[in-house]
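> okay, sequence plus prediction incoming.
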Amino acid sequence: MPVNSHDFVAALVAEMDGLFAQLGETDTLESEAEGRVDVVTLLKLALKSEMEASELAALWLPTTPEVDAKMCLALQCGDEMKHYGLISERLAQLGEDPAAFDPLADGHSPLYQYLRGLRTTVERIAGGPFASEAIAQVRNRQFVAFCRSAGDGQTADLYESVIQPEEAHHHRLGRQVLEKHAVTPELQELALAATRNTLAIADELRNLAAKTTGIHSIPVS
Ligand SMILES: [Fe+2]
Ligand SMILES: [Fe+2]
């Protein structure tokens, strides 16, 4: 008996939430910034994430045939570059010159390299809008709390009022697409592997790998 796609996706969400529950309150920030936790460094790293998310959505759009998945990717492509612009403006207010900063100077991230190789719609949506945007929400929650503790209410407000609700929307759309299309055991297997690989590769979750029940111990099958 194939698992109902709604139950399948609910189980994936529960698995992700269980993983996120193991995170300390600044773990995602320390992981991605390799310990250099300050607002400007984290905003610059966010520029790279936004750029990569936008590029991936654009890359996948013409070779993803399902129209609902295209809508999800097209919206995300635009929104992520909008976030890029908003974060650049905030960096300028903080005295940085965003035009002088190239977020891809060191190349794309390992997660981007993995995601760009995915060929099927369920894998792309699972790894991209569904899992990556879930990670983004956790990271942004930690970032907002960090900004408030550092006295930067303006950056926190930008995330809470615009960026974070849109990442949540991307994740919800990804979830709906998976619920619609991950309807056979084979497709669910692909979606599961893409979700778990994304969680295992994401820079923001690197600290989890060091914990005893870390993500690398979860078998991909
Ligand atoms: Fe974004
Ligand atoms: Fe997003």
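Okay, I see it. Ligands and ions are numbered 1, 2, ... in the order given.
> CA atoms for contacts and neighbours, from now on please.
Will do.
> the residue lying closest to D203 once chain neighbours are set aside: neighbour count?
Spatially, and ignoring its direct neighbours in sequence, D203 is nearest to E32 (5.1 Å; C-alpha to C-alpha, 6 or more residues apart in numbering). Taking other C-alpha atoms under 10 Å as the criterion, the count of residues near E32 is 21.
> which SS class is E32?
helix (DSSP: H, G, I helix; E, B strand; the rest coil).
> distance of it from ligand 1?
As judged by C-alpha to the ion, to the nearest Å, E32 and ligand 1 stand 16 Å apart.
> same question for E96.
The gap separating E96 from ligand 1 is 20 Å, by C-alpha to the ion.
> so where does that residue fall, helix or strand?
Remark: E96 resides in no helix or strand, with elements defined by DSSP states H and E.
> got phi/psi on L94?
Here the main-chain torsion angles of L94 (degrees, to the nearest 10) amount to phi -90, psi 10.
> returning to that earlier point: quick one, what contacts the residue nearest to D203?
E32 is in contact with L45, D203, E204, L205, R206, counting by C-alpha atoms under 8 Å, 6 or more residues apart in numbering.
> wait, doesn't the fourth one sit right on N197?
Right, the one you point to is L205. No - between L205 and N197 there is no contact, the gap being 11.5 Å when judged by C-alpha atoms under 8 Å.
> the more surrounded of these two?
Neighbour tally, L205 and N197, criterion other C-alpha under 10 Å: the higher count belongs to L205, 25 against 20.
> so the residue most central in space within the chain, which state does it fall into?
The structure's the chain has its C-alpha centroid closest to S132; by C-alpha atoms, centre = their mean the separation is 2.5 Å. Local secondary structure at S132 is given as helix here, using three-state DSSP.
> next, the nearest residue to it once chain neighbours are set aside: phi, psi?
Counting by C-alpha to C-alpha, 6+ apart, the nearest residue to S132 once its immediate chain neighbours are dropped is T198, at 7.0 Å. According to degrees, to the nearest 10, the main-chain angles of T198 amount to phi -60, psi -40.
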